[in-house]
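J.: Here is a sequence with its predicted model. Questions after.
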Amino acid sequence: MALRGLLPLIINRPEFRRLREHLAPAHAAPVLSGVTEAARPYLIAALATTQAAPLIYVVRDNERVTQVAETLGALLGRETTVLPWIDRDALPYERLMPDPETVQTRMQALTALARREAVIVVCSSRALVQPVLPPGEFAAALLQLRPGLELAPRLLLEHLMAVGYEPVVEVEEVGQMSHRGGIVDFFPPVMERPIRVEFFGDEIDSIRTFDAESQRSLNPQPSVVVGPAREALALHGPAAAQRLEKLSIAGMHPDARDRWHSDLEALRARQSFEDIAFYLPYLHTPASLLDYLPTDGVIVLNDAQQTAQAVEELVALGKELRDELEREGENPPGLLPVVLTPDVVTAKLATPLQAHFASLTAEVDEPTTIQQSRGDSLNRRRNRGQLFRNCRGNSSIFRTHDAHYLQGRHPVNLDTRRVRMFGR
């Protein structure tokens, strides 16, 4: 049962109304102090119900993403969509086949954000540095189908191929497609079940879900959105292959060279493949999840300092892994960066409306410093479900933002025991 009825208890408070007033472009980003970890989803849910734009909530790691998404779902029910963003299994420069279920979470989030839906996306700090398709290209790849739409089956098949669907005999998994007569089956990431489109000539006659095991048609659908099946598209494959073939593969071991040649052959033919996202920097201008937020969208950092450290650590770890994988003959030297830099993340964080939770040990957080990784990075590679720790160094990021927080006009205290707004 949804607990949405509890939200007015906080929405109607004067402190919350003041928070909404300060969460605007003309004001410095508010600091939310005195809010326990368990109570934070309650505040996030209240913020989401009082605006018509999407909200991104950045938490510690994948485990916390799942927990918070479930809590928000219980608070909001079906009236507000909550989408978890599960990180990629592969670390920077690694070649691992993507997990279809985690890819589905990311594509669902990007589709909702590209369509400007008022959703909550819960992601980890790592998600901020992982490049994604540019919003314009992603939106251009979306196709909405409905019964009665005039569309030749051939054109639908061409679109599915262009956005990364894999031709198979029978559709069973996300990202697959098949065709027989006047029927086109495919499994878009935004759906829980695969879709069957039946044509009458060049017109869509019906759209239904179907069971992947029995292949039996199920429920009629008034419409369905067809979006990318993979996290990079092969539309610019020939140009990407031309750049990649200039890299020296002399030091790569035989299996890696064979895979490299196979990938480049597929890119030249504009054909997709499972881990095509490895080549995203060559196929697209890398974008961030933050680029999908509209100007009135909101991003809330659960822990600004932890986010800063995670960004810098993943970038540093990426450099170490790049060198190691080159030495082991897995990758050629000279690959483009596969994560966004701290400076880029900082700039993108400045664009949407932003707030962050303060430490419970102080009324206002100290200025956050991103620190560079050293030492244990390669050992942490084996524990890819955890955020990276043990930093040293003194390079800075988010310092500008936190200076604003400290000058910040009105840190908000939403402690349930003592709720008040502190002035300067």
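T.: Noted; the coordinates are in hand.

J.: Can you name the next helix or strand after the helix or strand hosting Lys319?
T.: Here Lys319, judged by DSSP states H and E, is contained in helix 304-327. Next helix or strand after helix 304-327 toward the C-terminus (DSSP H and E): helix 342-349.

J.: got the angle for the helix holding Lys319 vs helix 342-349?
T.: For helix 304-327 and helix 342-349, the angle between their directions (axes from the mean of the first three to the mean of the last three C-alpha atoms, to 10 degrees) works out to 140 degrees.

J.: State the mean pLDDT of helix 304-327.
T.: Helix 304-327 comes out with an average pLDDT of 93.

J.: Any idea how far it is from the middle of the chain?
T.: For helix 304-327, the separation from the chain centroid amounts to 18 Å (computed by C-alpha atoms, centre = their mean, to the nearest Å).

J.: got it, and stretch 297-316?
T.: 14 Å.

J.: helices and strands around the helix holding Lys319, which ones?
T.: Here helix 304-327 touches helix 342-349, strand 372-373, helix 377-380, strand 391-392, helix 399-407, going by 3 or more C-beta pairs under 8 Å, 6 or more residues apart in numbering; DSSP states H and E. In short, each C-beta sits where N, CA and C put it, glycine included.

J.: Pull out the buried positions in that helix.
T.: For helix 304-327, a neighbour-count test (16 or more other C-beta atoms under 10 Å) marks 304-322, 325-326 as buried.

J.: Could you verify that Ile299 is part of a strand?
T.: Yes. Under DSSP: H, G, I helix; E, B strand; the rest coil, Ile299 falls within a strand.

J.: residues contacting it?
T.: Leu55, Ile56, Tyr57, Val58, Leu290, Leu293, Leu349, Pro352, Leu353, Gln354, Ala355 (C-beta atoms under 8 Å, 6 or more residues apart in numbering).

J.: how deep is the nearest residue to Thr66 once chain neighbours are set aside tucked in, by neighbour count?
T.: Nearest non-adjacent residue to Thr66, counting by C-beta to C-beta, 6 or more residues apart in numbering: Pro84, 5.9 Å away. Counted with other C-beta atoms under 10 Å, residues neighbouring Pro84 total 23.

J.: Could you do Glu213 as well?
T.: Glu213, neighbours per other C-beta under 10 Å, totals 8.

J.: pretty sure the residue nearest to Thr66 contacts Thr105?
T.: Yes. Counting by C-beta atoms under 8 Å, Pro84 does reach Thr105; the two are 5.4 Å apart.

J.: in this protein, which spans are helices?
T.: 8-11, 14-22, 40-49, 62-76, 100-114, 135-140, 153-162, 237-244, 254-268, 280-283, 304-327, 342-349, 377-380, 399-407 (DSSP state H).

J.: do you know which of those lies nearest Arg216?
T.: helix 153-162 (21.2 Å; C-beta to C-beta).

J.: Who are the packing partners of that closest one?
T.: strand 143-145, strand 176-180, strand 183-186, strand 224-226.

J.: Among those, show me which one is buried the most.
T.: strand 183-186 (a mean of 22; mean count of other C-beta atoms under 10 Å).

J.: what packs against it?
T.: helix 153-162, strand 176-180, strand 195-200.

J.: partner strands of the second one, parallel or antiparallel?
T.: Strand 176-180 has the following sheet partners, assigned by DSSP bridges: strand 166-167 (parallel), strand 183-186 (antiparallel).
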